[in-house]
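K.L.:
Make a model of this:
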Amino acid sequence: MVLNPVYVVRHVCGLSDTSWSTEVTGFAHAQDSRLLGHLFSTVAMKKVFSDTATLQCWLEVEAALARVQSELNLIPEGAADAISAACAPDKYDLEQLGVQIAAASHPLTPIIAAVETNSGSYGQYVHFGATTQDILDTGLVLQMRSGTELLIEAHQILLQACVLQARTWRDVPMAGRTHGQHGVPITLGLKFALLASEIRRHRDRLRELLGMLPVQLAGAAGTLATLGSDGARVREALAKTLGLVDPGQSWHTGRDLVAHITSQLAISAASCGKIANEVVNLQRTEIGELAEGAAPGAGGSSTMPQKRNPMLAQNIVALSRLMAGRPAHALEAMMHEHERDMAAWTMEWATVPESFIYGHAAVEQCAQLVANLQVDEARIAHNLELTGGLICAEAVMMDLAADMGRSQAHHLVAELISQARQTGVSFSHALNEDATIIGLRSPAQIATLLDTANYTGDAIQTVDRIVRELE
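P.N.:
Numbering: from 1, shown residues only. Model prediction:
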């Protein structure tokens, strides 16, 4: 007697006959959790990569392939009509297909068999000349196109939120911090304008990616031998029908574009993480310049009544950190062996959807965060004066440099700062008491130099330029 190896494994491991069913009583992935899913995903992007959409894209490719081959007189015209009708997604039960795919250990053969059956006498022309990876790759590209369009929209909304904040706070001086310490004055508007410029670059790169998405039709080992001399014509026509690029060759093992897209999503998420982390830091009790806008009762602590935590911002930081690992998996998937490598290719089935879903959640949440930020102008002004004018030490130094050179001016100002700290006097007092400086600058001139509003450089002009370009 020949034993079914699947039966043996299932019997020894004590698995029931339905244990590979797709039915679940809960959710094992955070993206699909009914309790926490909103933190890790968006409804729109999950629809793009849902089982329903995945099947629909595979069937769309099969139908398009049949139509193209019919137009090129490679299969009967009636076959294209029959196959297109058979490729209607509502003809198929996802649960049943899932069980059949698990039993076959193959993602597409049960679907091809079902389409063949539903195509009647024309079933022999289903999947004509293609291989599984052709259909699955092209289907994934269609999903990535839809996902990229959603991401472009989300980036545009975030961009508009940053521009609005930049315009609102264009000339409000605040402490510019370097290495975690007060450096020189900037404006709050400049902070948002620079972020807007960064988000625009991400949006533009995503737009470029839309024009790079290729069809896949290469046959078993990339030669398209199944279609002979007609292969190139079929691939070109299929690309045109689906609105994709004809790469002119196989990319079964050339996964660089998938890695590139995944990397761009991670880069965009990292920018969102940076924005969110800035809010977390500026909302600290000791700083208190910005605060995450929240509905009454949101963001509170379960034990400390006084707390209003930056929950959304911290979640965005978490998403950006989760995204940081996705390109590594996509890079691993680039290392195919020979002409096909299921071990590498399969990784993308998890990595790509996760990247789009996490990435979209990060950008959408970041847009919400920026749009609803609360700004405490009084606290910004208070913090700007915390060092008693030292934040403008560079302004004094550069002004004196015109008379004594930068190095000597730097040394003199540093000495006066040290004296002021030792004696407990203000920086202004130390400047006005020094004989060298008294001989060069009047008290009024020193006061002007220590006015933070006078030392924001081209911050306001930069804000105006960026806002003008983006509007």
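K.L.:
CA only for contacts and neighbour counts going forward, please
P.N.:
Fine.
K.L.:
Where does the prediction get shaky in the stretch 1-150 of the chain?
P.N.:
Residue ranges of the stretch 1-150 of the chain with pLDDT under 70: 1-27.
K.L.:
give me that answer again for 50
P.N.:
1-22 (pLDDT under 50).
K.L.:
which stretches of it form helices?
P.N.:
Ranges of helices in the stretch 1-150 of the chain, per DSSP state H, counting those that start in this stretch, are 5-12, 37-40, 43-48, 51-71, 77-86, 94-104, 109-118, 132-168.
K.L.:
Give me the domain ranges for this protein.
P.N.:
Using automatic domain parsing, the domain ranges for the chain come out as 5-125, 132-214+251-383, 390-449.
K.L.:
Pick the most buried one from those domains.
P.N.:
For those, average neighbour numbers computed from mean count of other Cα atoms under 10 Å are highest in domain 132-214+251-383, which has a mean of 19.
K.L.:
Would you work out how far apart the start and end of that domain are?
P.N.:
62 Å (Cα to Cα, to the nearest Å).
K.L.:
got the contact list for the closest residue to residue 438 other than its chain neighbours?
P.N.:
Nearest residue to residue 438 in three dimensions, chain neighbours excluded: residue 432, at 6.2 Å (Cα to Cα, 6 or more residues apart in numbering). Residues near residue 432 by Cα atoms under 8 Å, 6 or more residues apart in numbering: 438, 443, 446.
K.L.:
separation between residue 432 and residue 212?
P.N.:
64 Å.
K.L.:
Give the closest residue to residue 310 in space, chain neighbours not counted.
P.N.:
Closest to residue 310 by Cα to Cα, 6+ apart is residue 292, at 5.7 Å.
K.L.:
And the one you found, what's its pLDDT?
P.N.:
Note on residue 292: pLDDT of 93.
K.L.:
Over to residue 345?
P.N.:
89.
K.L.:
Identify the residues contacting the residue nearest to it when sequence neighbours are not counted.
P.N.:
Counting by Cα to Cα, 6+ apart, residue 345 lies nearest to residue 333, which is 6.0 Å off, once chain neighbours are set aside. Listed by Cα under 8 Å, 6+ apart, the contact set of residue 333 reads 255, 344-345, 347-348.
K.L.:
May I have the helix or strand residue 333 falls within as PDB, with CA atoms only?
P.N.:
Using DSSP states H and E, residue 333 sits in helix 326-334. Extracted in PDB, the C-alpha atoms of helix 326-334 (Å, rounded to 0.1, in the frame of the first residue of the first chain):
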ATOM      1  CA  ARG A 326      11.000  45.300   5.100                       C
ATOM      2  CA  PRO A 327      13.800  46.400   2.600                       C
ATOM      3  CA  ALA A 328      16.100  43.800   4.200                       C
ATOM      4  CA  HIS A 329      13.700  41.100   3.300                       C
ATOM      5  CA  ALA A 330      13.200  42.500  -0.200                       C
ATOM      6  CA  LEU A 331      17.000  42.500  -0.700                       C
ATOM      7  CA  GLU A 332      17.200  38.900   0.400                       C
ATOM      8  CA  ALA A 333      14.500  38.100  -2.100                       C
ATOM      9  CA  MET A 334      16.700  39.600  -4.900                       C
END
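K.L.:
can you give me the helices in the stretch 301-450 of the chain?
P.N.:
311-324, 326-334, 342-371, 377-384, 393-404, 406-423, 427-433, 435-438, 443-449.
K.L.:
so how far is the third one from its chain's centroid?
P.N.:
By that I understand helix 342-371. Mean-position distance between helix 342-371 and its chain equals 6 Å (Cα atoms, centre = their mean, to the nearest Å).
K.L.:
Show me what it is packed up against.
P.N.:
helix 37-40, helix 43-48, helix 132-168, helix 256-282, helix 311-324, helix 326-334 (3 or more Cα pairs under 8 Å, 6 or more residues apart in numbering; DSSP states H and E).
K.L.:
and the fourth one, what does it pack onto?
P.N.:
Translated: helix 256-282. helix 188-210, strand 290-291, helix 311-324, helix 326-334, helix 342-371.
K.L.:
ok and the third one relative to helix 256-282, angle-wise?
P.N.:
Angle of helix 311-324 versus helix 256-282, following axes from the mean of the first three to the mean of the last three Cα atoms, to 10 degrees, is 150 degrees.
K.L.:
ok, now which ones touch residue 390?
P.N.:
Counting by Cα under 8 Å, 6+ apart, residue 390 has contacts 417, 427.
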